[in-house]
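Undergrad: when you get a sec, could you give me coordinates for this:
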Amino acid sequence: MPVSPPSLDRLALNRFAVLGRVGMDLYADPPGTWIEEAQRFTTALGGSAGNIAVALARQGARAALISAVSDDAVGRYCRAELARYGVAHDAVLSVGGAARNSLAVTETRDTGCQVVLYRNQAADFDLSLPQIAAIDFTPFAALVVTGTALAAEPSRSATRAAMTLAREAGALVVLDVDYRAYSWASEQEAALVCEDAAWASDIVIGNDDEFGVMAGSYAGGMAMAEELAMGAAFVVYKQGAAGSVTFAAGTRFETPIFPVTALKPMGAGDGFLGGLLAALSAGHDLPSAVRRGSATAAMIVAGIGCAPASPDTAALDHFIAQY
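TA: Numbering: from 1, shown residues only. Have a look, this model is predicted:
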């Protein structure tokens, strides 16, 4: 018997819990400067989950981050930036010892952009079961999980527990596959764990490489996305410059990108998901919401930083109107 896809009505609550990493980004300044030639750097909030939460908050949704940060100045920086963007951080744990916050040293450069990422003993992997058990998911429209949180223990078990508790509370579960090879013991482990999480989710978002990893081959990625959509509210298969394909209720539609002059390649996926969910919670239909996610992504790659370039609703409306 066919399984009825989950309803998106819950998203009207307009409140999201986002689970995953948050960190500090250091950008060589001024834009265009190579890291090795930089005399100064500017800071910005970073990390997939942190950027998604900011994108949601900037577009009128209530967002709360579930994560762990190091109990030091960099961790306090992340908390302060989350608060400045209006993202709740009550469920962000501070961890001591040798744990260190994620730190990215990067450039504002579209081609040949260098990123040096420090994730030795990453604090966000200290997400724990007791921390998750203390969270009441009842008020939330959805739990957004970034796949990097599944890459190591105890974060993996805590993340799966959060997915179960959120669903039991009536919230939708959204998975951004967010595959980062450096975080995993092997591609095979990532494929098994992420595929299992995808089948346990109501909405799945990933790019062609990520679906290829889960499917075991790049060629099988789109077929897997379509198969996942049979039991999900919808699945979005992103293809970079070729736009995206959305599978929902036995149908599919394609959405092109918004052509812009990019300043950097980072942040597009985080902005896409934040803009998409914010639009759905505001009452947009799915094609319109995917289009707004695509526009958010375009504005972020055309701006400086990821969180700082994330548009508010008025700026996004103005940008879309020009097309």
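Undergrad: OK, contacts around residue 163?
TA: 143, 145, 173, 197, 200-201 (CB atoms under 8 Å, 6 or more residues apart in numbering). Placement of C-beta: from N, CA and C, glycine included.
Undergrad: try it again at 6 Å.
TA: 173, 200 (CB atoms under 6 Å, 6 or more residues apart in numbering).
Undergrad: same thing with the one 4 residues further on?
TA: The neighbours of residue 167, taking CB under 6 Å, 6+ apart as the test, are residue 173.
Undergrad: ok, now how distant is it from residue 217?
TA: 30 Å (CB to CB, to the nearest Å).
Undergrad: also residue 298?
TA: Distance, residue 298 to residue 217, by CB to CB: 30 Å.
Undergrad: just residue 83 next, same as before
TA: Counting by CB to CB, the gap from residue 83 to residue 217 is 44 Å.
Undergrad: any stretches of the chain with poor pLDDT?
TA: Counting by pLDDT under 70, the chain shows low-confidence ranges at 1-3.
Undergrad: now the helices for it?
TA: 48-58, 73-84, 129-133, 155-168, 187-199, 208-215, 221-228, 268-281, 286-301, 313-321 (DSSP state H).
Undergrad: okay if I get the ones you listed as CSV plus distance to residue 117?
TA: Below are the helices of the chain laid out as CSV (distance: least, CB to CB, whole Å):
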stretch, distance to residue 117
helix 48-58, 12
helix 73-84, 14
helix 129-133, 24
helix 155-168, 17
helix 187-199, 17
helix 208-215, 17
helix 221-228, 25
helix 268-281, 15
helix 286-301, 18
helix 313-321, 29
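Undergrad: out of residue 298 and residue 217, which sits in the more crowded spot?
TA: residue 298 (24 against 10; other CB atoms under 10 Å).
Undergrad: contact partners for the closest residue to that one other than its chain neighbours?
TA: Nearest non-adjacent residue to residue 298, counting by CB to CB, 6 or more residues apart in numbering: residue 258, 3.8 Å away. By CB under 6 Å, 6+ apart, the contact list for residue 258 reads 294-295, 298.
Undergrad: look up how far residue 80 lies from residue 258.
TA: Distance, residue 258 to residue 80, by CB to CB: 32 Å.
Undergrad: again with residue 62
TA: From residue 62 to residue 80 the distance is 19 Å (CB to CB).
Undergrad: more neighbours: which of the two?
TA: residue 62 (18 against 12).
Undergrad: OK, contacts around that one?
TA: residue 15.
Undergrad: tell me how far it lies from residue 87.
TA: For residue 62 relative to residue 87 (CB to CB), the value is 9 Å.
Undergrad: again with residue 134
TA: Per CB to CB, residue 134 is found 19 Å from residue 87.
Undergrad: now residue 111
TA: 32 Å.
Undergrad: the more surrounded of those two?
TA: residue 87 (27 against 7).
Undergrad: is it true that the more buried one touches residue 53?
TA: Yes: shown here, residue 87 and residue 53 form a contact pair, counting by CB atoms under 6 Å, at 4.5 Å.
Undergrad: identify the contacts common to the two.
TA: Counting by CB under 6 Å, 6+ apart, the residues touching both residue 87 and residue 53 are 63, 65.
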